[in-house]
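# attaching a predicted model along with its sequence, questions to come.
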Amino acid sequence: MVAALLAAPFAAVWAIGHARVDDYLGPHQVSFASNFSGEVKIDLGPIGNAYLPSPAAPVGVTATIGSVGTAASSLNSLFSQQTLAAYVSLYEDPQVAVEAVVDRLEIDALVEGAKAEVLLLVAFAVWRLRGQLLSPWVARTVTHRRLVAAYLVALLLVLGSVLAPRQPQGLRIPVGVAAGSRFAAVTVDSRVLADLLDRSVKGVTLLSSRQQQVVRTYIDTAVAGLSRQLDRLPQARPGESLLLGFSDLHCNQATTELISRLARATQPRVVLDSGDDTVNGTAVEKTCVRREAGIAPGVPLVVASGNHDSDVTEAQQRGEGMVVLDGSTVDAAGLRVLGDDDPEHNLPFSVDRVLDRPETEQQLAERLLGVAGDRPVDALLVHQPAAASVLTAAPNPPARLILYGHFHSHDGPTVLYHDDGSWTVAMREGTAGGVRQPTITSFSTPFSPPLINADVYFYYRDDATGLITAVQPLHFTPDAQVVIDDRIPTGDLQRLPLETRLRLGGATPTPTPLSSR
């Protein structure tokens, strides 16, 4: 234990000096590496470097931007309108974006530190066995006193080199237009880069202001539309629970806030999310995850991640208190929910997909059917229709509700009747973010109003039997109109055989007769 404690400072220095992760800033692949420079350095290749003081000095970070070359097309791509739109989220909430990258660097640093600690402990073990491994003269020479002296000298040298103040080297040019903005402390070492950043910061500031104003206007108009239809908002009746479902939110700021207002007004028992919450699954999209996690405080938000999400997204969702399905049944507000993340994912800013695990959509569905077994779950969530089609084709599907998305278009509800007279309701949900396909071309969507109808769904669950008795969709149109569909019945409890009702736990009829709804 003493040896581990003595080795810890050296392991920590090694870990911080060698932590490295690859992620994205906007559409550009970036390699992040921690160091002891005391500043944040953004390496833009031949264009030059930008610098910011590190808030955790002497610890610093070097971010090396990929896909930037000397060709004019590369420069045009870096400072294009689409790129500026993709960077708006970093400008709007840079603290969360930085926090997301730091989270990943911390994890990698812990791994590197553990490796260094093991190596140092091996060295300690060798020293303890020096009598057996070394000649007697050498073993006598390596005394405790000399070892302590060597340790203290090494510790002072290492800590001194880390903590010693560093003066910036080379040319540092302030970016004039950044004065008074979030980037007031930015300096660069290239006059070409200074001019480019002056113009790009102006572009980001102007674009951000315009987009946020459009988003705010959209939200205000939609909220006014909702307030005029309060009597039509979904509400659970005696003996019912209300479940809120959506899919393919894709980080949309406007609809995330509107769904949050819907949740406060309707008080659902649980929120069910069929995935694709982000656009690219990058670490800096943590701001989207955090917004979504606040949709219904105190209400379980259960998600089956989609092909646009990633392992990083799932880790962030768990960190924000969301329930991320992993192939096992979970309890959410007394409901049994089953599902899993999509086995494939899109490469960031690409239409190409890769497999996360050796499993097809069909195999995913068959595995979930096996997990559910003979005891139906209350809800079964997957992302893609290819998996859902296997679930819905199964005899007597072992779920009261099957939800999926992916196509950004609404289909259903589909009622699947069982041999005992009960039923399963399946719904392909549209896009809650109002995102056009293909998603990769909708660069401004996360920070603009919906481009197509944004769809949200309410499911009415009979508490006595667990059956879904009705579905009520709600749509936010691109022109900020709110369309609340009529409640769609999905099954008649009065026709449910008595034997089935008793087996499902509904010994008495539902308190609210179906005919009066």
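Cool, the structure landed. Residues are numbered from 1 along each chain as shown.

# strands of the stretch 401-517 of the chain, start to end?
For the stretch 401-517 of the chain, the strands defined by DSSP state E, counting those that start in this stretch cover 401-404, 411-417, 423-428, 454-462, 468-476, 482-484, 488-489.

# which of these sits most buried?
strand 401-404 (a mean of 30; mean count of other C-beta atoms under 10 Å). Bear in mind the C-beta positions are built from the backbone N, C-alpha and C, glycine included.

# residues near residue 35, how many?
The number of residues packed near residue 35 is 19, by other C-beta atoms under 10 Å.

# and it, what does it touch?
16, 17, 59, 60, 61, 62 (C-beta atoms under 8 Å, 6 or more residues apart in numbering).

# run through the bridge partners of residue 242.
Beta-bridge pairing of residue 242, defined through DSSP bridges, involves residue 460.

# tell me who's in contact with it.
234, 235, 236, 266, 267, 268, 269, 458, 459, 460, 461.

# could you export those residues as a markdown table, including distance to residue 405 and pLDDT?
Shown next, in a markdown table, are the contacts of residue 242 (distance: C-beta to C-beta, whole Å; pLDDT from 0 to 100):
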| residue | distance to residue 405 | pLDDT |
| --- | --- | --- |
| 234 | 19 | 94 |
| 235 | 25 | 92 |
| 236 | 24 | 92 |
| 266 | 20 | 94 |
| 267 | 24 | 94 |
| 268 | 18 | 97 |
| 269 | 21 | 96 |
| 458 | 16 | 98 |
| 459 | 15 | 98 |
| 460 | 20 | 97 |
| 461 | 20 | 96 |
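
# from those residues, which is closest to residue 280?
The nearest member of these to residue 280, counting by C-beta to C-beta, is residue 268 at 28.6 Å.

# does the closest one touch residue 299 like I think?
Yes - taking C-beta atoms under 8 Å as the definition, residue 268 is a contact partner of residue 299 at 6.3 Å.

# what is the burial count for residue 58?
By other C-beta under 10 Å, the residues close to residue 58 number 17.

# thinking again about what came up before, how about the strands of the stretch 401-517 of the chain in JSON lines, adding distance to residue 66?
Below are the strands of the stretch 401-517 of the chain laid out as JSON lines (distance: least, C-beta to C-beta, whole Å):
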{"stretch": "strand 401-404", "distance to residue 66": "35"}
{"stretch": "strand 411-417", "distance to residue 66": "40"}
{"stretch": "strand 423-428", "distance to residue 66": "37"}
{"stretch": "strand 454-462", "distance to residue 66": "33"}
{"stretch": "strand 468-476", "distance to residue 66": "37"}
{"stretch": "strand 482-484", "distance to residue 66": "43"}
{"stretch": "strand 488-489", "distance to residue 66": "49"}
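
# where does the stretch 101-250 of the chain dip in pLDDT?
The model of the stretch 101-250 of the chain has pLDDT under 70 over residues 130-144, 165, 176-184, 200-201, 203-204.

# at 90 instead, please
The model of the stretch 101-250 of the chain has pLDDT under 90 over residues 101-109, 113, 116-117, 119-215, 231.

# just the helices in the protein please.
2-18, 72-78, 81-92, 94-128, 130-133, 136-141, 144-163, 191-227, 253-266, 286-293, 311-319, 361-372, 385-393, 498-504 (DSSP state H).

# among the ones you listed, which is the most enclosed?
When those are compared using mean count of other C-beta under 10 Å, helix 286-293 is most buried, at a mean of 22.

# and it, what does it pack onto?
helix 81-92, helix 94-128, helix 253-266, helix 311-319 (3 or more C-beta pairs under 8 Å, 6 or more residues apart in numbering; DSSP states H and E).
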